[in-house]
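A.B. asks: dropping a prediction and its sequence here:
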Amino acid sequence: MSFIKFNRVILLSTAALLLASAPVRAESDVSGATARTSPDWLRSGTIYEIFPRDFSAAGNLAGVTARLDALRDLGVTILWVMPIHPIGEKGRKGDFGSPYSIKDYYAVDPHYGTLDDFKKLVQGAHARGMKVIMDIVANHTAWDSVMMTNKSFYKQDASGNVIPPVPSWTDVAGLNYKGTELREYMIAMLKYWVKETDVDGFRCDVAYMVPTDFWEQARAEIIKVKPDIMMLAEASKPELLVNAFDIDYSWPLLGTMNEVLIHDAPATKIRQSWEESRRQFPKGALHMRMSDDHDEARAVARYGINGAEAASALMFTLDGVPLIYNGMEVGDATESGDPALFDKLTIFWSPKERPQLRKIYHDLIQLRKQYAALRNDQVTWLGNSEDGKVVTFQRGDERDEFVVVVNLSSRPVNGTIKNLNAAEFKPVTISGVADAGAGDLPRFQLDGYGWRIWHRIVPANTAAK
């Protein structure tokens, strides 16, 4: 696997690698602005990304619907369904092709089923208290897209030939947002899916490659149909979170996580990355916290099973909204990124010799649901005597405080947290995680990749101050 060093982070995904050609900071400095207000159900939620082709043996939408009870019982509240549209055949990569090579935005891939099958999925999720967002690819289409009848929709070279958005993306053709006709087409399409299927929002592929003013225009129109939709940007571009999007990818933090867990960078880089993003983004900006998604090698392959668990513990306890990807809750190691993205590799739902990951994820989700202190944007970083290996921070509000300690090294640690009033903190029980031996704060003792959470109720006289 090759890595590109960029802005002190290592970015693994295809989309993230493209950012190496431009600064992470947006063209507009919005650090003094305020992020748009996002729906409460997003801020308090947990996102589950579904690749329907691999999610079940059937590889269709009905296979997803059949597992809705399992997803609800896990505790996830937002289902992100990867593209469901027909895949182009011209220039296709692999036997099945990339789901991000769209042939017709208004159709459902017949391998996945029908429009009614998707409606049943959405209705079934809603009946179980879950939201559903669609994956929308607004930057490019397949070469045999129904939109090719209008060449003005596309980017062209000096000779008038339609070109891909990036030279290596040979299976797709780039869309051109300079004209109004394409914008009207795409906005009408987005509104169609909200009206026709009652989806709750969109995850927008490579959103940073599409003009920000288009997304702002689209958002203004979509909320006329459904005011509390959410829009997730596949981007780390601060200006997108001012008016257009509710949430984006925490790519910088993911890149830093890779530096620490793969290349033994000091754990202090985690705090540095978080603080740099806090400086760059508008106040109240919301980020999706992930260690795994369809563009990455699986976290259990990158970090090992225990390292992947530690990474998840961090992402689920920091500010933002956590992501679980397609079988991650059972430790599935089946590849899904390029080139596996172009073929079918079904999840192994009962892999051998895995920790009790499902129980761990379930309890972490329930902890976030139970305590508002884990859903706000307040993070206080705490120094510790092993800060080259261990990250320590506090989450809290007027009622509760939590201390999180995560060992991001493979070696056991025995240390002390600095500047902490530890008297009333008690360890939180997480199913599948042994509590014995962790120690009483301010001391901690952890195995390699070990982690613990401590909680205290804020005394009434302290909360009133």
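C.D. replies: In hand now; what should we look at? Numbering: from 1, shown residues only.
A.B. asks: and for Arg443, the neighbour number?
C.D. replies: Burial of Arg443 is recorded as 13 neighbouring residues (other Cβ atoms under 10 Å). The way it works is simple: take the backbone N, C-alpha and C, and place the C-beta from them, glycine included.
A.B. asks: can you tell me the closest non-neighbouring residue to it?
C.D. replies: Thr416 (5.3 Å; Cβ to Cβ, 6 or more residues apart in numbering).
A.B. asks: for that neighbour, what are its contacts?
C.D. replies: Asn384, Ser385, Pro442, Arg443, Phe444 (Cβ atoms under 8 Å, 6 or more residues apart in numbering).
A.B. asks: report the buried members of these.
C.D. replies: Buried members of those, scored by 16 or more other Cβ atoms under 10 Å, are Asn384, Ser385, Pro442, Phe444.
A.B. asks: once you drop chain neighbours, what's closest to the second one?
C.D. replies: Yep, that's Ser385 we're talking about. Closest to Ser385 by Cβ to Cβ, 6+ apart is Gly415, at 4.1 Å.
A.B. asks: cool, the last one as well?
C.D. replies: Here the nearest residue to Phe444 in space, its sequence neighbours aside, is Val405; by Cβ to Cβ, 6+ apart that works out to 5.0 Å.
A.B. asks: after the helix or strand that neighbour falls within, next one along is what?
C.D. replies: Assigned by DSSP states H and E, Val405 falls within strand 400-407. Using DSSP H and E, the helix or strand that follows strand 400-407 in sequence is strand 413-416.
A.B. asks: sheet-wise, list the partners of the following helix or strand past that next one with their directions.
C.D. replies: Using DSSP H and E, the helix or strand that follows strand 413-416 towards the C-terminus is strand 426-427. Here strand 426-427 has these sheet partners by DSSP bridges: strand 451-457 (antiparallel).
A.B. asks: which residues in the stretch 151-300 of the chain form helices?
C.D. replies: Assigned by DSSP state H, counting those that start in this stretch, the helices in the stretch 151-300 of the chain fall at 180-197, 212-222, 240-243, 251-263, 268-280, 299-317.
A.B. asks: need these in JSON lines (columns: distance to Thr346 and mean neighbour count).
C.D. replies: Listed next are the helices of the stretch 151-300 of the chain as JSON lines, based on distance: least, Cβ to Cβ, whole Å; neighbours: other Cβ atoms under 10 Å:
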{"stretch": "helix 180-197", "distance to Thr346": "26", "mean neighbour count": "16"}
{"stretch": "helix 212-222", "distance to Thr346": "34", "mean neighbour count": "18"}
{"stretch": "helix 240-243", "distance to Thr346": "34", "mean neighbour count": "24"}
{"stretch": "helix 251-263", "distance to Thr346": "26", "mean neighbour count": "23"}
{"stretch": "helix 268-280", "distance to Thr346": "34", "mean neighbour count": "18"}
{"stretch": "helix 299-317", "distance to Thr346": "17", "mean neighbour count": "23"}
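A.B. asks: which one of those helices lies closest to Asn150?
C.D. replies: Evaluated with Cβ to Cβ, those place helix 180-197 nearest to Asn150, the distance being 7.3 Å.
A.B. asks: who touches the closest one?
C.D. replies: Defining contact as Cβ under 8 Å, 6+ apart, one finds that helix 180-197 is touched by 105-106, 115, 118-119, 122, 134, 136, 138, 147, 150, 152-153, 175-177, 199, 202, 214, 217-218, 221-222, 225-226, 229.
A.B. asks: now, which of these lie within strands?
C.D. replies: Among those, DSSP state E puts Met134, Ile136, Phe202 in strands.
A.B. asks: columns mean pLDDT and distance to Met328 on top of the helices of the stretch 151-300 of the chain, output as CSV?
C.D. replies: Output for the helices of the stretch 151-300 of the chain, formatted as CSV (pLDDT from 0 to 100; distance: least, Cβ to Cβ, whole Å):
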stretch, mean pLDDT, distance to Met328
helix 180-197, 98, 26
helix 212-222, 98, 28
helix 240-243, 98, 25
helix 251-263, 97, 14
helix 268-280, 98, 20
helix 299-317, 96, 7
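A.B. asks: a markdown table for these, including distance to Leu345?
C.D. replies: Formatted as a markdown table, those follow (distance: least, Cβ to Cβ, whole Å):
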| stretch | distance to Leu345 |
| --- | --- |
| helix 180-197 | 27 |
| helix 212-222 | 32 |
| helix 240-243 | 32 |
| helix 251-263 | 22 |
| helix 268-280 | 31 |
| helix 299-317 | 13 |
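A.B. asks: which of those sits closest to Ile457?
C.D. replies: helix 299-317 (17.8 Å).
A.B. asks: okay, the angle between that closest one and helix 251-263?
C.D. replies: Put simply, helix 299-317 runs at 130 degrees to helix 251-263, going by axes from the mean of the first three to the mean of the last three Cα atoms, to 10 degrees.
A.B. asks: give the next helix or strand downstream of helix 299-317.
C.D. replies: Per DSSP H and E, the first helix or strand lying C-terminal to helix 299-317 is strand 321-325.
A.B. asks: thinking again about what came up before, tell me the pLDDT at the residue nearest to Ser385?
C.D. replies: Per-residue pLDDT puts Gly415 at 96.
A.B. asks: show me what contacts it?
C.D. replies: By Cβ under 8 Å, 6+ apart, Gly415 lies in contact with Asn384, Ser385, Glu386, Val390, Arg443, Phe444.
A.B. asks: ok, back up a step: so which of the helices of the stretch 151-300 of the chain is nearest His362?
C.D. replies: helix 299-317 (11.1 Å).
A.B. asks: re earlier: so how far is Gly448 from the residue nearest to Phe444?
C.D. replies: According to Cβ to Cβ, to the nearest Å, Val405 stands 14 Å off from Gly448.
A.B. asks: over to Val172?
C.D. replies: For Val172, the distance to Gly448 equals 42 Å [Cβ to Cβ].
A.B. asks: with Lys131 instead?
C.D. replies: 37 Å.
A.B. asks: these two - which one has more neighbours?
C.D. replies: The neighbour count for Lys131 versus Gly448, taken as other Cβ under 10 Å, is higher for Lys131 (23 against 16).
A.B. asks: isn't that one right next to Asp200, touching?
C.D. replies: Yes: with contact defined as Cβ atoms under 8 Å, Lys131 reaches Asp200; the gap is 4.0 Å.
A.B. asks: which residues are common contacts for those two?
C.D. replies: Listed as contacting both Lys131 and Asp200 by Cβ under 8 Å, 6+ apart are Ile78, Met230.
A.B. asks: how many neighbours does Phe402 have?
C.D. replies: Using other Cβ under 10 Å: Phe402 sits among 20 other residues.
A.B. asks: quick one, what contacts it?
C.D. replies: Phe402 neighbours (Cβ under 8 Å, 6+ apart): Thr317, Tyr371, Ala373, Leu374, Gln394, Arg395, Gly396, Val428, Ile453, Trp454, His455.
A.B. asks: any idea which of those residues is closest to Leu42?
C.D. replies: After measuring these against Leu42 - Cβ to Cβ - the closest member comes out as Leu374, at 15.0 Å.
A.B. asks: state the pLDDT value of Asn461.
C.D. replies: For Asn461, the predicted pLDDT is 69.
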